[in-house]
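Colleague: Sequence first, then the predicted structure, then my questions.
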Amino acid sequence: MKAGTTIMYANEKLGERVTKYAEAQSLQLPKPIKDYHARIIEERSDSNYMISTFQSQALIFFARAIGAKRVLEIGVYVGYSAMIWSHAIGPQGKVTGLEYSEEYAKLAQEAWKKQGYENIDVHVGPAAETLPKLADVSEPYDIIFIDADKTGYTGYLSQILEMSAPGAKNRLLRPGGIIAADNTLRHGLVADSSSDNPWQSADFDKEGSVPAANVAAIREYNDLAAANDRLETFLVPLWDGLHLSRLLD
């Protein structure tokens, strides 16, 4: 019987080569999107807020596989992942972004305009306050992507479920829709914060490490989603952890 453990390659060099091979064998991103990703990495010290190009390929494949046409993104940063969703669903689809930072939202809008994306909009402000304003959406979303403040994840999940009640006339997420949450393993600390994890430290909150509050919040999100009888979940141990929940009703 094959083991279910996610095998890490024998060394970092091999892992990098395997990843590059897998990327090359997967659907390709448009050059302008790849160039934008590369420029943000080069120019911004906070570029780790972006998803990777490899994860982008997976999200495009996934969105197209389920025929998604409407995506809600909680946490826009400078607009890269919204471009990915827009590319995945096509110009007839709709991407709605929620972003706390006015600065990030402005940079995202400038990037979308420059690259000709006309089916993305962004609401600026705390997502917990913006979400209720989407209650009267004309059509529910097919995918909701959470990639924002980690301590807010459980609250966003509760709001999404409350606003997607079974049989409701207007609902945020359609029956069978997907909630995808990023960074749900946090360097593996969510699963294992012991000394066996090289990312573990006596004080997670020191500079350059993952805040302990984030680890606890993500662990709570994973537990709540798994225990909710309205959700069918699958936690993917790739990238920094991608949590997928399917709304059953």
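Modeller: Done, it's in. Just so it is clear, the model here is predicted, and its values are computed rather than measured.
Colleague: so where's the protein shaky on pLDDT?
Modeller: 1-9, 201-210 (pLDDT under 70).
Colleague: Tell me where the longest helix sits in it.
Modeller: helix 212-227 (DSSP state H).
Colleague: Tell me the first helix or strand C-terminal of that helix.
Modeller: strand 231-236 (DSSP states H and E).
Colleague: Report the strands that pair with that next one, each with its relative direction.
Modeller: When sheet partners are counted by DSSP bridges, strand 231-236 sits next to strand 242-247 (antiparallel).
Colleague: May I have the partner strand exported as CSV, CA atoms only?
Modeller: Only the C-alpha atoms of strand 242-247 are listed here, as CSV (Å, rounded to 0.1, in the frame of the first residue of the first chain):
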residue,chain,number,x,y,z
LEU,A,242,-4.2,25.4,0.4
HIS,A,243,-7.5,24.6,2.2
LEU,A,244,-10.5,23.7,0.0
SER,A,245,-14.1,23.5,1.3
ARG,A,246,-17.1,22.6,-0.8
LEU,A,247,-20.4,23.9,0.3
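Colleague: Let me know how buried the closest residue to residue 189 other than its chain neighbours is, in neighbour terms.
Modeller: Using C-beta to C-beta, 6 or more residues apart in numbering and skipping residues adjacent in sequence, the residue nearest residue 189 is residue 215, 4.8 Å away. Placement of C-beta: from N, CA and C, glycine included. Using other C-beta atoms under 10 Å, residue 215 has 22 other residues around it.
Colleague: Please list all residues in contact with residue 215.
Modeller: Going by C-beta atoms under 8 Å, 6 or more residues apart in numbering, residue 215 touches 186, 189-190, 193, 204.
Colleague: Tell me the one among these nearest to residue 232.
Modeller: Using C-beta to C-beta, residue 190 is the member of the contacts of residue 215 that sits closest to residue 232, with 19.9 Å.
Colleague: Pairing-wise in the sheet, spell out the partners of residue 94.
Modeller: Applying DSSP bridges, one finds that residue 94 bridges with residue 70.
Colleague: What's the separation between it and residue 118?
Modeller: Between residue 94 and residue 118 the computed distance is 10 Å (C-beta to C-beta, to the nearest Å).
Colleague: Looking at those two, which is more packed in?
Modeller: Between residue 94 and residue 118, residue 94 has the larger neighbour count (other C-beta under 10 Å), namely 20 against 9.
Colleague: The more buried one touches residue 119, doesn't it?
Modeller: Yes: Residue 94 sits in contact with residue 119 when judged by C-beta atoms under 8 Å, with a separation of 5.6 Å.
Colleague: Each with direction, which strands does the biggest strand by length in the chain pair with?
Modeller: Identified as the longest strand of the chain according to DSSP state E is strand 173-182. Sheet pairing for strand 173-182, assigned by DSSP bridges, gives strand 141-146 (parallel), strand 242-247 (antiparallel).
Colleague: Which two among the contacts of residue 215 are spaced furthest apart?
Modeller: Across the contacts of residue 215 (C-beta to C-beta), the longest gap, 11.4 Å, separates 190 and 204.
Colleague: Good, wrapping up.
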